[in-house]
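Peer 1: can't give you the sequence, but here's the structure:
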Ligand SMILES: [Zn+2]
């Protein structure tokens, strides 16, 4: 469709009636904002590279071709048609996650399939069944994007849950759109539904992602519940002004991991940084890095354990409650219940605990 004949044909045939042939046009028609991505190109010797020209580019298949893609407009018919003409969104495009869009990104390689099944059992709802639009990603197996739209406050929701590895709950950034190539050689593929059928996520999921006041961190490889107050005490004990730059970044990564990348975690890091290290603090320093923390899947995880280690340098000592794993509140409640004549409530026993072929760019060039 990028050959000369079609170009000429276009002059006398301006319409998008064959919209279905163009996934990005289908997405756009449903109110999603689409952005052009660099194609994946094949180098001599069959190595793959990003179309941006940098052979070292790590964003293979996920590299926007336009600057300021975050603020890409809602293209109108003429613009989208013009982009179709020059193949700008072909073969690869992204869908901006904004305006309440929530994309549940299940990555089988990181245990996401097992995690989503467990999450569904734990909150008692069929998350995947509730999605009106599902795209199978190129990662293989059950890896997929489940699209939802949240009425309000999507940005206040957790982006990760430590006890459910391999699932991202994306409410910002972008995802690669269906029909686009994946570096594996498989396309992102429409699995079920349509962009026009995107609906609200199950309220149980929203509630789970909005849970505040408690987080699940990792200390020494073991899941550990930590209250918001305790987390604040730990962060405040960190002697930020005495940290190296790398340690300060680790502090942010640990908070990001523990709070699931939530706005509250960022605020805590930013506030403590401003208070304790006014000399080096910049207003956008934390926010800029925070957005990158969620993207990196490689390298060692920096967790709550690291944060506690840094806090101990500032004199932090773990409270008895935190160390002993004894839930004093629960014990108090149990004691109270034992002395109350009311029958104990029947509590639920479970507790949520922890190619299209690479378009040969060479033929186009
Ligand atoms: Zn690139």
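Peer 2: Happy to help now that I have it. These figures come from a predicted structure and were not determined experimentally.

Peer 1: For the most centrally placed residue in the chain, which non-adjacent residue is closest in space?
Peer 2: The centre of the chain sits closest to residue 170, judged by C-alpha atoms, centre = their mean, with a distance of 3.5 Å. Nearest in space to residue 170, with sequence neighbours left out and distances taken as C-beta to C-beta, 6 or more residues apart in numbering, is residue 103 at 4.4 Å. All C-beta spots, glycine's among them, are computed from the backbone N, C-alpha and C.

Peer 1: what's in contact with the helix or strand where the one you found lies?
Peer 2: Using DSSP states H and E, residue 103 sits in strand 101-106. By C-beta atoms under 8 Å, 6 or more residues apart in numbering, the residues outside strand 101-106 that reach it are 32, 95, 97, 112-113, 115-116, 127, 131, 137, 142-150, 154, 157, 166-171, 175, 198, 201, 205.

Peer 1: before we move on, the earlier item: for the residue nearest to the centre of the chain, give me the pLDDT.
Peer 2: Looking at residue 170, its pLDDT stands at 91.

Peer 1: Assumed residue 218 was part of a helix.
Peer 2: No - going by DSSP: H, G, I helix; E, B strand; the rest coil, the assignment for residue 218 is strand, not a helix.

Peer 1: That one contacts residue 304, doesn't it?
Peer 2: Yes - the criterion here is C-beta atoms under 8 Å, and residue 218 meets it with residue 304 at 5.8 Å.

Peer 1: Please enumerate the shared neighbours of those two.
Peer 2: 224, 257, 258.

Peer 1: Minimum pLDDT in these, which residue is that?
Peer 2: Within the shared contacts of residue 218 and residue 304, residue 224 has the lowest pLDDT, namely 83.

Peer 1: For that residue, list each beta-bridge partner.
Peer 2: residue 217 (DSSP bridges).

Peer 1: Do I have it right that it meets residue 214?
Peer 2: No - assessed by C-beta under 8 Å, residue 224 is found out of contact with residue 214, at 11.2 Å.

Peer 1: Quick check: residues of the stretch 201-350 of the chain near the ion?
Peer 2: Counting by C-beta under 5 Å from the ion, no position of the stretch 201-350 of the chain is adjacent to the ion.

Peer 1: Can you tell me how far residue 85 is from residue 276?
Peer 2: Residue 85 is 55 Å from residue 276, where distance means C-beta to C-beta, to the nearest Å.

Peer 1: same question, residue 233
Peer 2: Residue 233 sits 14 Å away from residue 276, going by C-beta to C-beta.

Peer 1: Also residue 76?
Peer 2: Going from residue 76 to residue 276 by C-beta to C-beta gives 49 Å.

Peer 1: More neighbours: which of these two?
Peer 2: Neighbour comparison, residue 76 and residue 276: the larger count goes to residue 276, with 18 against 10 (by other C-beta atoms under 10 Å).

Peer 1: Just give the nearest non-adjacent residue to the more buried one, would you?
Peer 2: That would be residue 240: by C-beta to C-beta, 6+ apart, it lies 3.8 Å from residue 276.

Peer 1: wait, isn't the one you found in contact with residue 248?
Peer 2: Yes - with contact defined as C-beta under 8 Å, residue 240 reaches residue 248; the gap is 6.5 Å.

Peer 1: All the helices of the stretch 51-200 of the chain, residue numbers only.
Peer 2: Shown for the stretch 51-200 of the chain, the helices assigned by DSSP state H, counting those that start in this stretch span residues 77-85, 112-123, 127-130.

Peer 1: out of these, nearest to residue 294?
Peer 2: Residue 294 lies closest to helix 112-123 among these, at 14.6 Å (C-beta to C-beta).

Peer 1: Next, the buried residues of that closest one.
Peer 2: By 16 or more other C-beta atoms under 10 Å, the buried positions in helix 112-123 come out as 112, 113, 115, 116, 118, 119, 120, 122.

Peer 1: Repeat that for stretch 81-99.
Peer 2: 81, 83-84, 87-98.

Peer 1: and it, what's its mean pLDDT?
Peer 2: So the average pLDDT for stretch 81-99 ends up being 93.

Peer 1: For this protein, which segments count as strands?
Peer 2: 34-36, 40-42, 48-50, 93-96, 101-106, 133-136, 144-149, 167-170, 174-176, 189-193, 214-219, 222-227 (DSSP state E).

Peer 1: Would you reformat those as a markdown table and include distance to residue 311?
Peer 2: Shown next, in a markdown table, are the strands of the chain (distance: least, C-beta to C-beta, whole Å):
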| stretch | distance to residue 311 |
| --- | --- |
| strand 34-36 | 41 |
| strand 40-42 | 44 |
| strand 48-50 | 40 |
| strand 93-96 | 37 |
| strand 101-106 | 32 |
| strand 133-136 | 41 |
| strand 144-149 | 37 |
| strand 167-170 | 28 |
| strand 174-176 | 35 |
| strand 189-193 | 45 |
| strand 214-219 | 12 |
| strand 222-227 | 12 |
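
Peer 1: so where's the protein uncertain?
Peer 2: Flagging of the chain using pLDDT under 70 yields the residue ranges 1-20, 296-300, 319-365.

Peer 1: Great, nothing more from me.
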